[in-house]
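Asks: have a look; sequence and predicted model below, questions after that.
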Amino acid sequence: MKKYLITGYSGFVSRHFLEHLDKNETHASIKGLDVQKPEFSHSSYKNIRLDFEKIDLLDRDHVESIIFNFQPDYIVHLASYSSVAFSWKDPILSFQNNMNIYLNLLESVRKLNLPARILSIGSSEEYGNVDEKTLPLTEAHVPRPVSPYAVARVSQEMISKVYVDGYGLDIVMTRSFNHIGPFQRDTFVISSFAKQLVEIKKSGKNSGELVTGDTSIVRDFTDVRDVVVAYDLLLKKGKPGEIYNVCSGKGTSLNDVIGIMAKILDLTIHTRVNEKLVRPSDNRIIIGSNERIKKDIGWDISISLERSLSDSIDYWVKS
(Lines give C-alpha, C1' and ligand atoms only; values in the text may rest on other atoms or scores of the structure.)
Protein backbone atom coordinates (compact mmCIF):
# COMPACT_ATOMS: atom_id res chain seq x y z
CA MET A 1 0.00 0.00 0.00
CA LYS A 2 1.52 3.31 -1.12
CA LYS A 3 1.60 6.22 1.30
CA TYR A 4 0.72 9.75 0.15
CA LEU A 5 1.45 12.88 2.18
CA ILE A 6 -0.76 15.72 0.93
CA THR A 7 -0.26 19.33 1.99
CA GLY A 8 -3.10 21.75 1.40
CA TYR A 9 -5.28 18.74 2.17
CA SER A 10 -8.47 20.71 2.85
CA GLY A 11 -8.50 22.47 -0.52
CA PHE A 12 -10.58 21.61 -3.55
CA VAL A 13 -7.71 20.10 -5.56
CA SER A 14 -6.88 17.67 -2.76
CA ARG A 15 -10.54 16.69 -2.48
CA HIS A 16 -10.65 15.80 -6.16
CA PHE A 17 -7.32 13.98 -5.91
CA LEU A 18 -8.73 11.79 -3.14
CA GLU A 19 -11.84 11.08 -5.19
CA HIS A 20 -9.65 10.12 -8.16
CA LEU A 21 -7.61 7.66 -6.09
CA ASP A 22 -10.71 6.15 -4.52
CA LYS A 23 -12.62 5.88 -7.81
CA ASN A 24 -9.69 4.07 -9.40
CA GLU A 25 -9.48 1.66 -6.46
CA THR A 26 -6.01 2.81 -5.50
CA HIS A 27 -5.35 1.20 -2.14
CA ALA A 28 -3.43 3.91 -0.37
CA SER A 29 -2.76 5.42 3.02
CA ILE A 30 -3.19 9.20 3.03
CA LYS A 31 -1.79 11.66 5.54
CA GLY A 32 -3.36 15.08 5.07
CA LEU A 33 -1.83 18.31 6.39
CA ASP A 34 -3.49 21.71 6.49
CA VAL A 35 -4.02 24.74 8.71
CA GLN A 36 -7.78 24.22 8.35
CA LYS A 37 -9.89 21.13 8.93
CA PRO A 38 -11.42 19.64 5.77
CA GLU A 39 -15.11 20.26 5.18
CA PHE A 40 -15.56 16.92 3.42
CA SER A 41 -16.23 13.64 5.22
CA HIS A 42 -13.73 10.77 5.31
CA SER A 43 -16.49 8.18 5.53
CA SER A 44 -17.38 8.30 1.83
CA TYR A 45 -14.07 6.79 0.68
CA LYS A 46 -13.87 3.01 0.35
CA ASN A 47 -10.39 2.24 -1.00
CA ILE A 48 -8.16 4.77 0.71
CA ARG A 49 -7.30 5.13 4.38
CA LEU A 50 -7.34 8.74 5.50
CA ASP A 51 -5.76 10.60 8.38
CA PHE A 52 -5.68 14.37 8.89
CA GLU A 53 -3.47 16.51 11.07
CA LYS A 54 -3.86 20.22 11.56
CA ILE A 55 -0.48 21.88 11.25
CA ASP A 56 1.28 25.11 10.39
CA LEU A 57 3.86 23.99 7.84
CA LEU A 58 6.13 26.81 8.97
CA ASP A 59 6.77 24.71 12.11
CA ARG A 60 9.86 22.89 10.80
CA ASP A 61 10.25 20.46 13.71
CA HIS A 62 6.61 19.39 13.52
CA VAL A 63 6.87 18.86 9.75
CA GLU A 64 10.00 16.73 10.15
CA SER A 65 8.38 14.66 12.91
CA ILE A 66 5.34 13.90 10.76
CA ILE A 67 7.42 12.92 7.73
CA PHE A 68 9.69 10.72 9.88
CA ASN A 69 6.74 8.90 11.46
CA PHE A 70 4.70 8.53 8.25
CA GLN A 71 7.53 7.71 5.82
CA PRO A 72 5.63 8.72 2.65
CA ASP A 73 6.25 7.26 -0.79
CA TYR A 74 4.75 10.35 -2.42
CA ILE A 75 4.44 13.98 -1.30
CA VAL A 76 1.85 16.07 -3.12
CA HIS A 77 2.58 19.69 -2.23
CA LEU A 78 -0.65 21.59 -2.81
CA ALA A 79 -0.38 23.99 0.13
CA SER A 80 0.07 27.63 -0.82
CA TYR A 81 -1.27 31.13 -0.63
CA SER A 82 -2.58 30.66 -4.16
CA SER A 83 -4.37 33.98 -4.63
CA VAL A 84 -2.55 36.42 -6.92
CA ALA A 85 -4.77 39.21 -5.59
CA PHE A 86 -3.75 38.44 -2.00
CA SER A 87 -0.07 38.51 -2.97
CA TRP A 88 -0.49 42.12 -4.05
CA LYS A 89 -2.11 43.00 -0.71
CA ASP A 90 0.52 41.25 1.42
CA PRO A 91 3.56 40.30 -0.70
CA ILE A 92 5.77 39.48 2.27
CA LEU A 93 3.33 37.02 3.82
CA SER A 94 2.58 35.47 0.44
CA PHE A 95 6.23 34.95 -0.42
CA GLN A 96 7.36 33.74 2.99
CA ASN A 97 4.58 31.19 3.25
CA ASN A 98 4.88 29.83 -0.26
CA MET A 99 8.65 29.46 -0.05
CA ASN A 100 9.30 28.57 3.56
CA ILE A 101 6.68 25.84 3.89
CA TYR A 102 8.13 24.19 0.80
CA LEU A 103 11.68 24.46 2.09
CA ASN A 104 10.61 22.82 5.35
CA LEU A 105 9.32 19.84 3.38
CA LEU A 106 12.45 19.56 1.26
CA GLU A 107 14.79 19.84 4.22
CA SER A 108 12.88 17.18 6.14
CA VAL A 109 13.11 14.74 3.23
CA ARG A 110 16.80 15.56 2.72
CA LYS A 111 17.78 15.22 6.39
CA LEU A 112 15.86 11.96 6.78
CA ASN A 113 17.32 10.65 3.51
CA LEU A 114 13.90 9.47 2.30
CA PRO A 115 13.38 8.24 -1.28
CA ALA A 116 9.95 9.92 -1.48
CA ARG A 117 8.90 11.44 -4.79
CA ILE A 118 7.78 15.06 -4.39
CA LEU A 119 5.30 16.75 -6.72
CA SER A 120 5.94 20.50 -6.64
CA ILE A 121 2.92 22.42 -7.92
CA GLY A 122 3.78 25.61 -9.78
CA SER A 123 1.70 28.02 -11.81
CA SER A 124 1.27 29.45 -15.30
CA GLU A 125 1.59 32.83 -13.57
CA GLU A 126 5.34 32.19 -13.69
CA TYR A 127 5.39 33.00 -17.41
CA GLY A 128 4.28 36.61 -16.94
CA ASN A 129 3.27 38.86 -19.83
CA VAL A 130 4.18 37.24 -23.11
CA ASP A 131 4.14 38.11 -26.79
CA GLU A 132 1.20 36.39 -28.49
CA LYS A 133 3.63 35.21 -31.16
CA THR A 134 5.24 32.90 -28.56
CA LEU A 135 1.97 31.08 -27.82
CA PRO A 136 1.33 28.35 -26.90
CA LEU A 137 3.88 28.52 -24.11
CA THR A 138 6.23 25.58 -23.75
CA GLU A 139 8.26 24.73 -20.66
CA ALA A 140 11.33 26.14 -22.43
CA HIS A 141 9.86 29.66 -22.29
CA VAL A 142 11.78 31.82 -19.80
CA PRO A 143 9.60 32.81 -16.80
CA ARG A 144 9.04 36.54 -16.33
CA PRO A 145 6.78 36.79 -13.25
CA VAL A 146 4.77 39.98 -12.80
CA SER A 147 3.21 39.43 -9.36
CA PRO A 148 4.57 38.60 -5.90
CA TYR A 149 2.77 35.25 -6.07
CA ALA A 150 4.40 34.39 -9.39
CA VAL A 151 7.85 35.31 -8.06
CA ALA A 152 7.32 32.88 -5.17
CA ARG A 153 6.33 30.12 -7.60
CA VAL A 154 9.41 30.68 -9.75
CA SER A 155 11.54 30.60 -6.59
CA GLN A 156 9.93 27.31 -5.57
CA GLU A 157 10.80 25.88 -8.97
CA MET A 158 14.39 27.11 -8.79
CA ILE A 159 14.99 25.71 -5.30
CA SER A 160 13.52 22.41 -6.49
CA LYS A 161 16.19 22.21 -9.17
CA VAL A 162 18.87 22.93 -6.55
CA TYR A 163 17.62 20.05 -4.41
CA VAL A 164 17.40 17.72 -7.41
CA ASP A 165 20.87 18.53 -8.74
CA GLY A 166 22.65 19.19 -5.46
CA TYR A 167 21.04 16.72 -3.08
CA GLY A 168 19.56 14.10 -5.39
CA LEU A 169 15.94 14.55 -4.31
CA ASP A 170 13.25 13.07 -6.54
CA ILE A 171 11.13 16.08 -7.49
CA VAL A 172 8.75 16.54 -10.42
CA MET A 173 7.49 20.08 -11.06
CA THR A 174 4.38 21.48 -12.71
CA ARG A 175 3.36 24.79 -14.13
CA SER A 176 -0.35 24.34 -13.65
CA PHE A 177 -2.63 26.63 -15.60
CA ASN A 178 -6.03 27.78 -14.35
CA HIS A 179 -8.07 24.84 -13.10
CA ILE A 180 -11.75 25.00 -12.32
CA GLY A 181 -14.59 22.80 -11.14
CA PRO A 182 -16.91 21.91 -8.25
CA PHE A 183 -15.97 22.76 -4.64
CA GLN A 184 -13.76 25.72 -5.62
CA ARG A 185 -14.00 28.72 -3.30
CA ASP A 186 -15.64 31.88 -4.62
CA THR A 187 -12.41 33.82 -4.08
CA PHE A 188 -11.39 32.41 -7.48
CA VAL A 189 -12.76 34.13 -10.53
CA ILE A 190 -14.76 31.39 -12.28
CA SER A 191 -16.31 30.13 -9.06
CA SER A 192 -17.16 33.73 -8.15
CA PHE A 193 -18.91 34.20 -11.49
CA ALA A 194 -20.81 30.95 -11.05
CA LYS A 195 -21.98 31.88 -7.56
CA GLN A 196 -23.12 35.36 -8.62
CA LEU A 197 -25.00 34.03 -11.65
CA VAL A 198 -26.75 31.34 -9.61
CA GLU A 199 -27.83 33.99 -7.10
CA ILE A 200 -29.34 36.02 -9.95
CA LYS A 201 -31.14 32.93 -11.24
CA LYS A 202 -32.45 32.01 -7.79
CA SER A 203 -33.86 35.52 -7.39
CA GLY A 204 -36.28 34.73 -10.20
CA LYS A 205 -34.86 37.30 -12.60
CA ASN A 206 -33.93 36.62 -16.23
CA SER A 207 -31.22 39.25 -16.29
CA GLY A 208 -28.77 40.87 -13.94
CA GLU A 209 -25.42 42.51 -13.31
CA LEU A 210 -22.18 40.65 -12.74
CA VAL A 211 -19.41 42.38 -10.79
CA THR A 212 -16.03 41.59 -12.33
CA GLY A 213 -12.43 42.60 -12.75
CA ASP A 214 -10.86 42.81 -16.20
CA THR A 215 -12.79 40.31 -18.35
CA SER A 216 -10.77 40.82 -21.52
CA ILE A 217 -7.91 38.65 -20.29
CA VAL A 218 -7.49 35.19 -21.84
CA ARG A 219 -6.73 32.08 -19.81
CA ASP A 220 -6.13 28.39 -20.40
CA PHE A 221 -8.72 26.52 -18.30
CA THR A 222 -8.54 22.85 -17.33
CA ASP A 223 -11.05 20.90 -15.27
CA VAL A 224 -9.66 20.03 -11.85
CA ARG A 225 -10.68 16.40 -12.38
CA ASP A 226 -8.33 16.23 -15.35
CA VAL A 227 -5.64 18.06 -13.36
CA VAL A 228 -5.59 15.46 -10.57
CA VAL A 229 -5.26 12.67 -13.13
CA ALA A 230 -2.17 14.48 -14.43
CA TYR A 231 -0.78 14.78 -10.89
CA ASP A 232 -1.26 11.07 -10.21
CA LEU A 233 0.42 10.13 -13.48
CA LEU A 234 3.30 12.53 -12.83
CA LEU A 235 3.93 10.89 -9.48
CA LYS A 236 4.23 7.53 -11.20
CA LYS A 237 5.71 8.38 -14.62
CA GLY A 238 7.13 11.91 -14.56
CA LYS A 239 10.84 12.45 -15.05
CA PRO A 240 12.82 13.64 -12.00
CA GLY A 241 13.82 17.29 -12.26
CA GLU A 242 11.43 17.90 -15.16
CA ILE A 243 8.85 20.68 -15.46
CA TYR A 244 5.44 19.96 -16.96
CA ASN A 245 2.72 22.33 -18.13
CA VAL A 246 -0.67 21.09 -16.97
CA CYS A 247 -3.06 22.80 -19.34
CA SER A 248 -5.67 22.35 -22.06
CA GLY A 249 -3.76 24.13 -24.84
CA LYS A 250 -6.79 26.37 -25.52
CA GLY A 251 -7.41 29.98 -24.55
CA THR A 252 -10.75 31.50 -23.53
CA SER A 253 -11.45 35.07 -22.48
CA LEU A 254 -13.36 35.74 -19.27
CA ASN A 255 -15.96 37.51 -21.40
CA ASP A 256 -16.56 34.27 -23.29
CA VAL A 257 -16.71 32.28 -20.06
CA ILE A 258 -19.42 34.60 -18.75
CA GLY A 259 -21.30 34.18 -22.01
CA ILE A 260 -21.18 30.38 -21.76
CA MET A 261 -22.40 30.38 -18.16
CA ALA A 262 -25.15 32.89 -18.88
CA LYS A 263 -26.36 30.65 -21.71
CA ILE A 264 -26.38 27.60 -19.44
CA LEU A 265 -28.58 29.47 -16.96
CA ASP A 266 -30.63 31.22 -19.68
CA LEU A 267 -29.74 34.67 -18.35
CA THR A 268 -29.03 38.04 -19.93
CA ILE A 269 -26.01 39.45 -18.13
CA HIS A 270 -24.40 42.88 -18.00
CA THR A 271 -20.98 43.28 -16.40
CA ARG A 272 -19.70 46.03 -14.13
CA VAL A 273 -16.00 46.36 -13.45
CA ASN A 274 -15.00 46.80 -9.82
CA GLU A 275 -11.62 48.54 -9.96
CA LYS A 276 -10.63 46.86 -6.69
CA LEU A 277 -10.72 43.54 -8.54
CA VAL A 278 -8.32 44.75 -11.26
CA ARG A 279 -4.74 43.74 -10.46
CA PRO A 280 -1.88 46.27 -10.65
CA SER A 281 -0.23 44.14 -13.33
CA ASP A 282 -1.86 41.18 -15.01
CA ASN A 283 -0.95 38.71 -17.70
CA ARG A 284 -3.03 39.60 -20.74
CA ILE A 285 -3.09 36.17 -22.36
CA ILE A 286 -1.84 32.79 -21.21
CA ILE A 287 -2.16 29.64 -23.31
CA GLY A 288 0.06 26.63 -22.70
CA SER A 289 1.41 23.73 -24.69
CA ASN A 290 0.72 20.30 -23.20
CA GLU A 291 2.86 18.37 -25.69
CA ARG A 292 5.51 17.39 -23.12
CA ILE A 293 3.08 15.93 -20.61
CA LYS A 294 1.22 14.09 -23.38
CA LYS A 295 4.45 12.61 -24.67
CA ASP A 296 6.03 11.65 -21.34
CA ILE A 297 3.07 10.27 -19.39
CA GLY A 298 0.22 9.93 -21.90
CA TRP A 299 -2.08 12.47 -20.24
CA ASP A 300 -4.72 14.50 -22.07
CA ILE A 301 -7.84 16.44 -21.17
CA SER A 302 -11.16 14.60 -21.15
CA ILE A 303 -13.60 17.17 -19.76
CA SER A 304 -14.81 20.09 -21.88
CA LEU A 305 -14.88 23.69 -20.68
CA GLU A 306 -18.66 23.71 -21.05
CA ARG A 307 -19.02 20.71 -18.74
CA SER A 308 -16.63 22.24 -16.20
CA LEU A 309 -18.63 25.45 -16.12
CA SER A 310 -21.93 23.57 -15.93
CA ASP A 311 -20.68 21.47 -13.02
CA SER A 312 -19.36 24.58 -11.24
CA ILE A 313 -22.79 26.17 -11.61
CA ASP A 314 -24.46 23.01 -10.35
CA TYR A 315 -22.23 23.07 -7.27
CA TRP A 316 -23.46 26.55 -6.34
CA VAL A 317 -27.07 25.62 -7.14
CA LYS A 318 -26.82 22.85 -4.54
CA SER A 319 -24.81 24.87 -1.98
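Replies: Nice, I can see it.

Asks: could you use CA atoms for every contact and neighbour count after this?
Replies: Fine.

Asks: K195 against I313, yeah?
Replies: Yes. Using C-alpha atoms under 8 Å, K195 is in contact with I313, at 7.1 Å.

Asks: neighbours of I6, how many?
Replies: 24 (other C-alpha atoms under 10 Å).

Asks: and the gap between it and A194?
Replies: 28 Å (C-alpha to C-alpha, to the nearest Å).

Asks: how about N129?
Replies: N129 is 27 Å from A194, where distance means C-alpha to C-alpha.

Asks: tell me which of the two has more neighbours.
Replies: A194 (27 against 17).

Asks: contact partners for the more buried one?
Replies: Going by C-alpha atoms under 8 Å, 6 or more residues apart in numbering, A194 touches M261, L309, S312, I313, W316.

Asks: how about the helices in the stretch 101-250 of the chain?
Replies: 148-167, 189-202, 224-237 (DSSP state H, counting those that start in this stretch).

Asks: and those: which comes nearest H179?
Replies: helix 224-237 (5.2 Å; C-alpha to C-alpha).

Asks: what residues sit buried inside that closest one?
Replies: V224, R225, D226, V227, V228, V229, A230, Y231, D232, L233, L234, L235 (16 or more other C-alpha atoms under 10 Å).

Asks: make TSV from these and add pLDDT and distance to H270 to it.
Replies: Rendered in TSV, the data for the buried residues of helix 224-237 read as follows (pLDDT from 0 to 100; distance: C-alpha to C-alpha, whole Å):
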residue	pLDDT	distance to H270
V224	98	28
R225	98	30
D226	98	31
V227	98	31
V228	98	34
V229	98	36
A230	98	36
Y231	98	37
D232	98	40
L233	98	41
L234	98	41
L235	98	44
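
Asks: closest to L105 among those residues?
Replies: Out of the buried residues of helix 224-237, the member with the shortest distance to L105 (by C-alpha to C-alpha) is L235, at 16.6 Å.

Asks: what's the spacing between the closest one and K54?
Replies: 24 Å.

Asks: just to revisit the earlier point, who has more neighbours, K195 and I313?
Replies: Using other C-alpha under 10 Å, the more surrounded residue of K195 and I313 is I313, with 25 against 21.

Asks: strands along the stretch 51-200 of the chain, start to end?
Replies: Per DSSP state E, counting those that start in this stretch, the stretch 51-200 of the chain has strands spanning 74-77, 117-123, 170-176, 179-180. These are given in chain order.

Asks: just put those in a markdown table and tack on distance to V13.
Replies: Below are those laid out as a markdown table (distance: least, C-alpha to C-alpha, whole Å):
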| stretch | distance to V13 |
| --- | --- |
| strand 74-77 | 11 |
| strand 117-123 | 11 |
| strand 170-176 | 12 |
| strand 179-180 | 9 |
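
Asks: make TSV from those strands and add distance to K250 and mean pLDDT to it.
Replies: Formatted as TSV, the strands of the stretch 51-200 of the chain follow (distance: least, C-alpha to C-alpha, whole Å; pLDDT from 0 to 100):
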stretch	distance to K250	mean pLDDT
strand 74-77	26	98
strand 117-123	16	98
strand 170-176	14	98
strand 179-180	13	97
